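Colleague: model this:
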Amino acid sequence: MFKRPLFLKNLSVPVQIMMLLMFIIISGFIISIIGILITIPFGGNNLLIKGSEFDILSNINLSKFLQIVNHLGLFLIPSLLFVYFLSRNPKGYLKLDKKPHIFSLIAGLLLMFISMPFINWLLSINQTFHLPESMSGIENWMRVSEERAAYFTEVFLNVNTISGLLLNILMIAVIPAIGEEILFRGILMKLLKIWIGNIHIAIIISAVVFSAAHLQFFGFLPRVVLGVILGYLFYITRNLWIAIAAHFVNNAFAVIISFLNFKYKLSSDIEEFGSKNDDYPVIIFSLLLTIVIIFSINQREKKFKAISFRKTKEEEF
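Modeller: Now for the predicted structure:
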């Protein structure tokens, strides 16, 4: 019977992390090339011309296709390949082999909404950050890049059909939630824990890398905090499905709100909730309740573990 070679298993953790990065680079390059080649017969050759807003607008569906393909190539595919050559039981390694406890799942999803005012406040603070005067050129470049990225995101999100909404949910919520959680929490956080020996540092570092990978300096801080929350959800529950579901809800909610704003001309803006100075009571309450919910999930998971242990002992007896 054929057994796949687990050539990553006996490598040191630093080397495993380097191999993971190599998988990401190679996979990202190959998959992006394949994606471009697929789009060319449909007019995708125009997308090869960088910096043209007209090309993006006139090829919006092809642009979305490439966005999906690139995310698969950079996050999901290399992560799955990495685990495939690391463990005989990939689902067990990633903690995807068990159903989540309903309480923890619901609480984790609720956490995304409860933490929103605090995270939005961090976003408003982050946007006021400035680099030293000697680096003003870099700061200007980052601001222009993020304004451009925000423009393209708005173009992607501005749909008024259910099919367009579902495609955006797939592109912005489903695929990123699965791919990013497998990579940053399921793999990187675990490797860092083994290497460093401290789960809290591992959670923070993986959250920083998670935020940095999005290449958005002025949204860096709130995304780090989101990564920390997702990291603790995964660590406490030992179930990656909960972190994936929470990540999905966080992204899908923004997509749905944008859809409703565009289709029905609503004035709601979730990014403003918690970002104003007179929202401090809401911000503080958001932070405290976030901590309480995480603590509650932790306590409930301990009870689940104790009950499961007693049942196992009774069955053995």
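
Colleague: check contacts around the spatially most central residue of the chain.
Modeller: Central residue of the chain (C-alpha atoms, centre = their mean): residue 180, 4.5 Å from the mean position. Applying C-beta atoms under 8 Å, 6 or more residues apart in numbering to residue 180 gives the contacts 75, 210, 213, 247. Just so you know, the C-beta spots here come from the backbone N, C-alpha and C atoms, and that holds for glycine as well.

Colleague: where's the first one relative to residue 125, distance?
Modeller: In other words, residue 75. Applying C-beta to C-beta, to the nearest Å, the value for residue 75 to residue 125 is 28 Å.

Colleague: and the two? Which one has more around it.
Modeller: residue 75 (23 against 12; other C-beta atoms under 10 Å).

Colleague: in what helix or strand does the nearest residue to the more buried one once chain neighbours are set aside lie?
Modeller: Nearest non-adjacent residue to residue 75, counting by C-beta to C-beta, 6 or more residues apart in numbering: residue 179, 3.3 Å away. Residue 179 belongs to helix 175-180 when elements are defined using DSSP states H and E.

Colleague: I'd like the next helix or strand past that helix.
Modeller: By DSSP H and E, the next helix or strand past helix 175-180 is helix 190-196.

Colleague: what's the farthest-apart pair in the contacts of residue 180?
Modeller: Farthest-apart pair in the contacts of residue 180 is 213 and 247; separation 13.6 Å (C-beta to C-beta).

Colleague: pick out whichever of the two has more residues nearby.
Modeller: It is residue 247, of residue 213 and residue 247, that has more neighbours when counted by other C-beta under 10 Å, with 27 against 16.

Colleague: tell me the pLDDT at residue 153?
Modeller: Residue 153 carries a pLDDT value of 80.

Colleague: residue 214 now?
Modeller: 88.

Colleague: so is it in a helix, a strand, or just coil?
Modeller: Of the three states, residue 214 takes coil under DSSP: H, G, I helix; E, B strand; the rest coil.

Colleague: quick one: it and residue 224 touch, right?
Modeller: No - applying C-beta atoms under 8 Å, one finds residue 214 not in contact with residue 224, separated by 10.4 Å.

Colleague: more crowded one of those two?
Modeller: Legend: neighbour count by other C-beta under 10 Å for residue 214 and residue 224, higher for residue 224 (19 against 13).

Colleague: what are the buried residues along the host helix or strand of that one?
Modeller: According to DSSP H and E, residue 224 maps onto helix 220-237. Along helix 220-237, these residues count as buried under the neighbour rule (16 or more other C-beta atoms under 10 Å): 220-237.

Colleague: against which helices or strands is that helix packed?
Modeller: Applying 3 or more C-beta pairs under 8 Å, 6 or more residues apart in numbering; DSSP states H and E, one finds that helix 220-237 makes contact with helix 102-114, helix 116-126, helix 199-212, helix 240-264, helix 280-316.

Colleague: who's in contact with the first one?
Modeller: Which is helix 102-114. Against helix 102-114 from outside (C-beta under 8 Å, 6+ apart): 229, 233, 236-237, 239, 241-243, 245-246, 249-250, 253, 286, 289-290, 293-294, 296-297, 300-301.

Colleague: of these, buried ones?
Modeller: Counted by 16+ other C-beta under 10 Å, these give 229, 233, 236-237, 239, 241-243, 245-246, 249-250, 253, 286, 289-290, 293-294, 297, 300-301 as buried.

Colleague: quick one: average pLDDT of stretch 7-18?
Modeller: Taken as a whole, stretch 7-18 carries a mean pLDDT of 94.

Colleague: gap between it and the chain center?
Modeller: When C-alpha coordinates are averaged (C-alpha atoms, centre = their mean, to the nearest Å), stretch 7-18 and its chain have centres 24 Å apart.

Colleague: first residue to last residue on it, what's the distance there?
Modeller: For stretch 7-18, the first-to-last residue distance is 14 Å (C-alpha to C-alpha, to the nearest Å).

Colleague: make JSON lines out of the contacts of residue 180 and add distance to residue 258.
Modeller: Formatted as JSON lines, the contacts of residue 180 follow (distance: C-beta to C-beta, whole Å):
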{"residue": "75", "distance to residue 258": "22"}
{"residue": "210", "distance to residue 258": "22"}
{"residue": "213", "distance to residue 258": "22"}
{"residue": "247", "distance to residue 258": "17"}
